[in-house]
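A.B. asks: Need the 3D shape of this:
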Amino acid sequence: MSSTEEWPPLSPLHTGLRGRCPRCGEGHLFEGFLKLKRECEVCGLDYSFADPADGPAFFVICFACVPSVFLGVWLEVQYGAPLWVHLLVTGPFMLLTCIPPLRPLKGWLVASQFFYKAEEGKVARKAAAPSSERTNIGAVR
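C.D. replies: Alright, predicted model coming up:
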């Protein structure tokens, strides 16, 4: 397909979780673990529109870090676990539940930004009415 042809809409969930281009679904989204490429190598889509900011970290904190902390607190309260048990159990559990989801979540957020055409918010101002349509509120009729 050339750049002027219409691309079919692709699910942000499928393309983002796999780290694929949100427009063509073929090219790669990432250059490294979390670094986005400049553009898609297949369709040429410029990824400069993408800004997931802290979204992936927020989701990981909500859905992975909180259970990890609860595991550590439960081990401490239930068994009075020494520090070495926390290092061997809670530490790896936290790493395994916090690091791997970052890339798929970032891909999903970038693909969602493309799919829903998200952009920076702007203040919309109404245009002033022509002078013939304006009413003089303070005038007495």
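A.B. asks: From now on I want contacts and neighbour counts done on CA atoms only, so please keep to that.
C.D. replies: OK.
A.B. asks: show me where pLDDT drops low in this protein?
C.D. replies: Confidence mapping of the chain against pLDDT under 70 gives the ranges 1-5, 128-141.
A.B. asks: Please repeat the previous calculation with a cut-off of 90.
C.D. replies: For the chain, applying pLDDT under 90 flags the ranges 1-7, 51-53, 61-66, 118-141.
A.B. asks: how would you label Trp74: helix, strand or coil?
C.D. replies: Classification of Trp74 using DSSP: H, G, I helix; E, B strand; the rest coil returns helix.
A.B. asks: residues near it, how many?
C.D. replies: As a burial measure, Trp74 scores 13 neighbours (other Cα atoms under 10 Å).
A.B. asks: Equivalent analysis for the one 5 residues further on, please.
C.D. replies: Burial of Tyr79, expressed as a neighbour count using other Cα under 10 Å, amounts to 9.
A.B. asks: State the distance from it to Val85.
C.D. replies: Separation of Tyr79 from Val85 (Cα to Cα, to the nearest Å) stands at 10 Å.
A.B. asks: Kindly report the same for Trp108.
C.D. replies: Distance from Trp108 to Val85, counting by Cα to Cα: 35 Å.
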